[in-house]
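Asker: pasted the sequence and its predicted model underneath.
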Amino acid sequence: MALELNYFWTWDHRCNWVLDDPGLQLTGCFNPYLKRPETFVEDYRRLTDVCAEGGIPGIVIYGFLRDSHGGMDAAREVVRYAADRGVRILPNLGTTAFGGAYYEGEHEFNLDTFLLRHPDCVQIEKDGKPSEQKWLCPTHPEVIRWMKDGARWLMETFEVGGVNVENGDLMSCHCPRCIKRREGLEPGELDYFKTQLDGYGPCLEALGPYMADRWITYATYSGFAQYEGEVPEGLGFRKGRTPAFVAEFPGEAVAQWTLTKMLLQQPLPLTAYLEDGAPEAVYENPNWPRGLKVPGERAVGYVHQGSHFGLTRHSLVVSSIKEACLRGAEAGLKGISIYGEVTDRCTPWWLSYQAYFHFVRRPQDSLRQFANARLAPVLGGEDAAQLFIEVLAHWTAGEVAEPLRKALFDEFFKRDVERDGLEAFNLWYWLFRQVCEPPESAKCGFF
């Protein structure tokens, strides 16, 4: 039941493992890159080292190719460093959106550069006006040629481990050609799923020769829940109306389904998983009924929890990671993708990364089993790990009883940095601050 196609998802401008660069950004998409050029390489070196240590075989990089952080030379350095450590780099490959194959810079396969030369290729909105986002029409012959050529160029120029392909969040072009194309498809299917046939199809065709040994993933921007009536945007599709791309795209291509809204929007307190790795409460979810299977042969789940979306960037997201791994494995997903933008010097994220490393391999384990496997080697044994995870679980439930609080208090004041190591001390210090000090003094997620 272990998950194998696992990867961190990142934007270059928000991937902050070097903490002293004045250009750090915490939020936003399509942002300019404001950090020092050399920080791009160092951020991804550090994230690669964490991947190698945790057994996570891939990193998606949006903004992989930018003139502002070294262009092709810097990209090659990142790829080479990762490949030497068994980690795949999956660059962004924009088709009708997200920059093209070369995200930012005056280049043949940069979307803005292409659109300056071919302004008639712009997407048309419902009101008949050109897209203000300057995305592309997926059925225009020039766009199709450009998508195919860009995909081949990216794969032949860099020894990447694959790509992450996007066509624009839930987009639909309303030019006469695209409208006619959709009218010829299944009438009950949602327009943005129909558009993905053309937004991805030519690109995946060009990538066909590379699929045997590289991961070719494409974003659906949606969950895979099924509904009798109207479908909440981004949650799935109508029953009996499985998107046509599931059958038409190559079986080796990997559909990336968004699990964000399928997961419980109020995560279970960790006490639910303390003794039981698959508690009944995790299945009490109308957006992800028990027994639901993902369509298609190869698919992964993509989770926004723990990102700037929803203001959870520096939060503890162990519960959501555990839920995604458990439910994803049961649904037939081959992997889970979470964000890897926050340094593990942020203690909640050190814990979240450790949970990810463990539960992609053993999704049905309880938190006590996780603690013995991942926390005990750091904290100095299973007894310490069990106390830590029990206090942590009850803190997330808002119910740390006085005997447990006292046990934490006593354990923390037994700690010695020189004897136990700084990593262990920081973990105990962080938990002590959450549980034993006034709330206003425990706001910082670091240490």
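Answerer: Yes, it's here.
Asker: how about the residue nearest to Phe370 when sequence neighbours are not counted, secondary structure?
Answerer: With Cβ to Cβ, 6 or more residues apart in numbering as the measure, His358 is the residue that lies nearest to Phe370, at 4.9 Å, once sequence neighbours are left out. Every C-beta, even on glycine, is put in place using the N, C-alpha and C of the backbone. Classification of His358 by DSSP: H, G, I helix; E, B strand; the rest coil places it in helix.
Asker: any idea how many residues pack against Ala376?
Answerer: When counting by other Cβ atoms under 10 Å, one arrives at 17 neighbours for Ala376.
Asker: that older thread, so how far is Leu316 from the residue nearest to Phe370?
Answerer: For His358, the distance to Leu316 (Cβ to Cβ, to the nearest Å) stands at 15 Å.
Asker: ok, which stretches of the stretch 51-200 of the chain are strands?
Answerer: Counting by DSSP state E, counting those that start in this stretch, the stretch 51-200 of the chain forms strands over residues 58-62, 88-94, 162-166, given from the N-terminal end onward.
Asker: turn these into JSON lines, including mean pLDDT, mean neighbour count and distance to Gly150.
Answerer: Supplementary listing: these in JSON lines, determined by pLDDT from 0 to 100; neighbours: other Cβ atoms under 10 Å; distance: least, Cβ to Cβ, whole Å:
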{"stretch": "strand 58-62", "mean pLDDT": "98", "mean neighbour count": "25", "distance to Gly150": "15"}
{"stretch": "strand 88-94", "mean pLDDT": "98", "mean neighbour count": "26", "distance to Gly150": "7"}
{"stretch": "strand 162-166", "mean pLDDT": "98", "mean neighbour count": "25", "distance to Gly150": "10"}
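Asker: how far does the helix or strand of the chain with the lowest mean pLDDT sit from its chain's centre?
Answerer: Lowest on mean pLDDT, DSSP states H and E among the helices and strands of the chain sits helix 417-420, with a mean of 86. When distances are taken as Cα atoms, centre = their mean, to the nearest Å, helix 417-420 is centred 35 Å away from the chain's centroid.
Asker: any idea of the pLDDT on Glu230?
Answerer: The confidence metric pLDDT takes the value 88 at Glu230.
Asker: repeat that for the one 4 residues further on.
Answerer: pLDDT, Gly234: 88.
Asker: list phi and psi for it.
Answerer: For Gly234, the backbone dihedrals (degrees, to the nearest 10) come out as phi 80, psi 10.
Asker: which one is it nearest to, not counting chain neighbours?
Answerer: Looking at Gly234 with Cβ to Cβ, 6+ apart, the closest residue is Ser222, at 5.1 Å.
Asker: make sure I have this right: the one you found is in a strand.
Answerer: No: according to three-state DSSP, Ser222 belongs to no strand; its state is coil.
Asker: what's the separation between it and Pro295?
Answerer: From Ser222 across to Pro295, the span is 11 Å (Cβ to Cβ).
Asker: between these two, which one's more packed in?
Answerer: Taking neighbours as other Cβ under 10 Å, Ser222 and Pro295 compare with Ser222 leading, 26 against 16.
Asker: and that one, what does it touch?
Answerer: Taking Cβ atoms under 8 Å, 6 or more residues apart in numbering as the criterion, Ser222 is in contact with Leu170, Tyr192, Phe193, Gly234, Leu235, Gly236, Phe237, Trp257, Thr258.
Asker: poorly predicted segments of the stretch 151-300 of the chain, please.
Answerer: Along the stretch 151-300 of the chain, segments meeting pLDDT under 70 are nowhere present.
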